[in-house]
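>>> Let me see the structure of the following:
(one chain, ligands or ions: 1)
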Amino acid sequence: MPSEQYVRPTSSPRVIVAAVIITAGRVLACQRSAPPEAAGKWEFPGGKVEPGETEHQALARECAEELGVRVKVGDRVGPDVPLAHGRAVLRVYAVTLLDGDVPAALEHTSMRWLTVDQLGSVTWLPADKPIVAELPALLS
Ligand SMILES: Nc1nc2c([nH]c(=O)n2[C@H]2C[C@H](O)[C@@H](COP(=O)(O)OP(=O)(O)OP(=O)(O)O)O2)c(=O)[nH]1
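Predicted coordinates for the structure are as follows:
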């Protein structure tokens with residue numbers, strides 16, 4: 001019989017940062033390519049904050065990797081949304097594109113610029129719903 005007992009992790013939840021990018025009254029939505037259970041669903045570009053990174057640095061890195069753009073990170077959008085049974089949290093920021101940089105779907109299946117009327121036209125990842133609920137105020 002193994003003698004080890006399960007020790008509940010006490011560390012803080014992993015932070016996933018994501019970007020709301022609004023240009024000319026439209027928000028950028030990106031379609032995931034993986035993993036299979038999330039592929040085809042829509043999200044905001046972003047990813048995990050790596051050890052030693054600030055959230056702003058992580059978001060700038062993810063925007064460069066996923067979209068090929070340079071950004072300025074602004075205010076928070078919406079609440080912290082728990083993910084993975086509380087082991088992670090989704091934290092979203094408004095982000096501005098620098099110097100006319102134009103996003104490209106470098107890691108996503110596709111991307112779309114959605115008007116306020118089109119927010120419901122894609123299937124968002126479930127955790128994004130409270131973030132999407134904040135967008136009409138920002139898009140109008
Ligand atoms: N980027 C992003 N991830 C989201 C959103 N909503 C949501 O539930 N997630 C989840 C999906 C994933 O389980 C997790 C982010 O993982 P990821 O695979 O994008 O992170 P990453 O870019 O650091 O990927 P990797 O290096 O681990 O491959 O957060 C969202 O709007 N944007």
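
>>> Please make it C-alpha for all contacts and neighbour counts, starting now.
Noted.

>>> so what's Y93 up against?
V17, A18, A19, V20, V73, G74, D75, R76, V77 (CA atoms under 8 Å, 6 or more residues apart in numbering).

>>> Pull out whichever of these are also neighbours of the ligand.
Contacts with the ligand within the contacts of Y93, counted by CA under 6 Å from any ligand atom: A18.

>>> Filter the contacts of Y93 down to just the ones in helices.
With helices taken from DSSP state H, there is no overlap with these.

>>> Just the buried ones from the contacts of Y93?
V17, A18, A19, V20, V73, V77 (16 or more other CA atoms under 10 Å).

>>> before we move on, back to that, next, format the contacts of Y93 as CSV and append pLDDT.
CSV is the format used below for the contacts of Y93 (pLDDT from 0 to 100):
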residue, pLDDT
V17, 98
A18, 98
A19, 98
V20, 98
V73, 98
G74, 98
D75, 98
R76, 98
V77, 98
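
>>> Out of the buried ones among the contacts of Y93, flag the one nearest to the ligand.
Nearest to the ligand among the buried ones among the contacts of Y93 is A18, at 5.0 Å by CA to the nearest ligand atom.

>>> Surely P103 is in contact with E65?
No. Judged on CA atoms under 8 Å, P103 makes no contact with E65 at a distance of 10.5 Å.

>>> How about the contacts made by the spatially closest residue to E50 that is not a sequence neighbour?
Spatial nearest neighbour of E50, excluding adjacent residues (CA to CA, 6 or more residues apart in numbering): A58 at 7.0 Å. Shown in contact with A58 (CA under 8 Å, 6+ apart): V17, G47, K48, V49, E50.

>>> Quick check: strands, which of these are part of them?
Those of the contacts of A58 mapping onto strands are V17, G47, K48, per DSSP state E.

>>> ok, of those residues, which one's closest to I131?
Comparing the ones in strands among the contacts of A58 against I131 with CA to CA places V17 closest, at 12.2 Å.
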